[in-house]
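Peer 1: Structure, please.
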Amino acid sequence: MPKFLLKRWHGLHIVWIFAVLTTLIFVLMYYQWVVGVIALVVSGALGFFTIKAEQAFRKDLNRYVATLSHRIKRAGSEVINELPMGILLYNEEKIVEWHNPFVGKMLGKDSLIGEGLLDLIPVLKGRKDKEPAKLEMAIGKNIYQVQVRPNEKLLYITDITAFKTLSIRHEEERLSIGIIMMDNLDEATQGMDDQTRSVMMARVTGEITEWAQKYNVFLRRTASDRYLILIDQKGLKMLEQSRFEILDDVRDLTIEHKLQLTLSIGIASGNDSLAELGRLAQTSLDMALGRGGDQVAVKIGERLSFYGGRSNAIEKRTRVRARVISHALRDLIKECDKVIIMGHRYPDMDSIGAAIGVLKAVHVSNKEGYIVLEGVNPSIQKLMDTIAEDEKLNRWFITPEQAMQIMNQRSLAVVVDTHKASMLAEPKLLQLTQRKFIVDHHRRGEEFIQDATLVYMEPYASSTCELVTELLQYFNDRLTMGVLEATALLAGIVVDTKSFTLSTGARTFEAASFLRRNGADSSLIQRLLKEDLEAYIKRAEVIKNATVIFNHIALAVTEPNRKYPQLLIAQAADTLLTMTGVMASFVISERPDGLVGISARSLGQLNVQIVMERMGGGGHLTNAATQFEGSLSDAMQKLKDILTEMNSEEALFE
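Peer 2: Below you'll find the model as predicted:
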């Protein structure tokens, strides 16, 4: 205990003793005044010494406090000067008034007093004065965090270089899982002898191995046509910057053998769970395959990116999958009480034709089937007028409201010509049943009906009508079709192939042949697809505004306040594609619903699906579209920016 505290403790006891003595003295003087006087003298002496002790106590206390204050002040000054962080005070005019040595050392000056704060720390520019904030700035190789306390006109500056370096390293070393798959190995090597197949596979494997070594990728073969890859974030960024050149290398290598073998890769990153990464990698691969293969799908957190996809999907010569899907569909129909068929809103010829084909399969199974129709696209008006005259077929067309009333858990929902719930005539119908079947020929997009019972998606197919026709061939041996049913299916194929000139394979003609044998009327198709003179003139008005960009891209932007339907926009894009030297076409126009519509077409050298996806739409490699709110000039500028960016990443036309 300090000396002055001991004195204080003794002084308090003396005061109490003195008080007791004084009381006793007065009592004693009452009985013995001589003894009382003596006691009084003694008590006075005691009081004198008590006062002296109290004065000594106060003097010692003041001396101790003064010494302690000096020590605290000196220690505080040393701490502020030696702190491994900066402290800076400024005034209302943003002029530095004081700072500790850390700030001067950080900026390479002994004194910053009197200098402008914003000139010294530019990250503070444009910030609201009354809001506390944490900002980062780089000076040389170091990174600092600046904490702003506007009320105190105070800055705290901390060196976070080590933390940032560790954080960057942590991010770069995070694991990514990928799966590489040869899209069409069995198809490509069918008919090869063992020696030729072995030589080709050795060259492809060698190419993939060299690529893996170049980018520090762990590669492990898990099947004859499948590889597992592990890579960190740093390596993945390098692969994305290279645009996954392995796709082109393998494709070019196999072309030398007069065949086209392509790769699809699915990669997942951004999750700490290995099990979840593996599942996402498989989902990404399914996405790449669903979009036609020959591309890479990379999922990092919520971001999903696609690379490649420059070639058309390879047509599968085997019909095994079509037969399996057909039998599975037959079983699904038998298990349900009724079938509700729907395509996208304002359906086109392919959507209606495919729906009619599925309806035929339902009726052959002796089940009730209905086609949900909301709004009539002008392109199918003549077909719908013809159907209206056929009582047997017309009675099965219902509105979304009627479908909602008859749909139940035992019903089967069939989605044709799309795989996006948001595009359906009535998306709520999917929530009323667990049985769902999807048949579509579009390349798979990020939005997808995940809980479908059965999915038949083949991007190589010319149309959904082609896929449905193949299913009908294996559905029932005794299946016979009416003229209008077969004609509707064939019309869908004719429209989507531009009269068998685009996206046409051997199986397309086989499907068309089957429909012709079942009574499809070519002359009726010609009448259904005729256009009037007024529409032709309007299309010519759109085309006259076309210009050529990037040497081979025709771009037509209509005049402001002139509204054209989406069908006419698409027809104008088709017409532009027939011009000499044009390999891709884009038509931008205002639509009657107030949105700006864009139709894109390509001969295959440019994947217009990727272009439209970047603008919020989608479609196929050679046929895509989008619509959004905005102006014509904004749409044109955004499209040009995307094409410029794609051209800088990889030449659009080589």
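Peer 1: use CA for all of it now, contacts and neighbours both
Peer 2: OK.
Peer 1: any idea how far the most centrally placed residue in the chain is from residue 292?
Peer 2: The residue lying closest to the centre of the chain (CA atoms, centre = their mean) is residue 303, at 3.2 Å. From residue 303 over to residue 292 the distance is 20 Å, taken as CA to CA, to the nearest Å.
Peer 1: Could you list the domains of the chain?
Peer 2: Per the record, the chain has its domains at 3-81, 85-164, 173-308, 320-528, 533-649, by automatic domain parsing.
Peer 1: Least reliable of those by average pLDDT, please.
Peer 2: Sorting these by mean pLDDT places domain 3-81 lowest, at a mean of 63.
Peer 1: beta partners for the residue nearest to the centre of the chain?
Peer 2: Taking DSSP bridges, one obtains residue 300 as the residues bridged to residue 303.
Peer 1: What separation do you get for it and residue 473?
Peer 2: Residue 303 is 41 Å from residue 473, by CA to CA.
Peer 1: And residue 533, by the same measure?
Peer 2: In terms of CA to CA, residue 533 sits 39 Å off from residue 473.
Peer 1: cool, residue 302 as well?
Peer 2: 41 Å.
Peer 1: Of the two, which one has the most company?
Peer 2: residue 473 (18 against 8; other CA atoms under 10 Å).
Peer 1: Contacts only, for that one.
Peer 2: Residue 473 makes contacts with residue 479, as judged by CA atoms under 8 Å, 6 or more residues apart in numbering.
Peer 1: heads up, I number from 36, so please use that
Peer 2: Got it, first residue is 36 now, which makes that one residue 508.
Peer 1: Quickly find the element holding it.
Peer 2: Per DSSP states H and E, residue 508 falls inside helix 499-510.
Peer 1: roughly how far out does that helix sit from the chain middle?
Peer 2: How far helix 499-510 lies from its chain's middle: 34 Å, per CA atoms, centre = their mean, to the nearest Å.
Peer 1: residue boundaries of the helices in the stretch 86-235 of the chain?
Peer 2: 136-142, 152-155, 196-207, 220-224, 229-249 (DSSP state H, counting those that start in this stretch).
Peer 1: Give me the helices and strands touching the first one, please.
Peer 2: Applying 3 or more CA pairs under 8 Å, 6 or more residues apart in numbering; DSSP states H and E, one finds that helix 136-142 contacts helix 68-117, strand 120-125.
Peer 1: got it, and the third one?
Peer 2: For helix 196-207, the elements it packs on are strand 177-184, helix 268-276, judged by 3+ CA pairs under 8 Å, 6+ apart.
Peer 1: If you count neighbours, what's buried in that helix?
Peer 2: residue 207 (16 or more other CA atoms under 10 Å).
Peer 1: Keeping just the C-alphas, turn it into PDB.
Peer 2: The C-alpha coordinates for helix 196-207 follow below in PDB (Å, rounded to 0.1, in the frame of the first residue of the first chain):
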ATOM      1  CA  THR A 196      -1.100  -5.800 -46.800                       C
ATOM      2  CA  ALA A 197      -0.400  -9.100 -45.100                       C
ATOM      3  CA  PHE A 198      -4.200  -9.800 -44.600                       C
ATOM      4  CA  LYS A 199      -4.900  -8.900 -48.300                       C
ATOM      5  CA  THR A 200      -2.000 -11.100 -49.500                       C
ATOM      6  CA  LEU A 201      -3.300 -14.000 -47.400                       C
ATOM      7  CA  SER A 202      -6.900 -13.400 -48.600                       C
ATOM      8  CA  ILE A 203      -5.800 -13.400 -52.200                       C
ATOM      9  CA  ARG A 204      -3.800 -16.500 -51.700                       C
ATOM     10  CA  HIS A 205      -6.700 -18.200 -50.000                       C
ATOM     11  CA  GLU A 206      -9.000 -17.300 -53.000                       C
ATOM     12  CA  GLU A 207      -6.400 -18.400 -55.600                       C
END
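Peer 1: what angle separates it from helix 268-276?
Peer 2: 60 degrees (axes from the mean of the first three to the mean of the last three CA atoms, to 10 degrees).
Peer 1: For helix 196-207, which outside residues touch it?
Peer 2: With CA under 8 Å, 6+ apart, helix 196-207 has contacts from 177, 178, 179, 267, 268, 269.
Peer 1: Tell me which two of the residues you listed sit farthest apart.
Peer 2: 179 and 267 (27.2 Å; CA to CA).
Peer 1: Alright, calling it a day.
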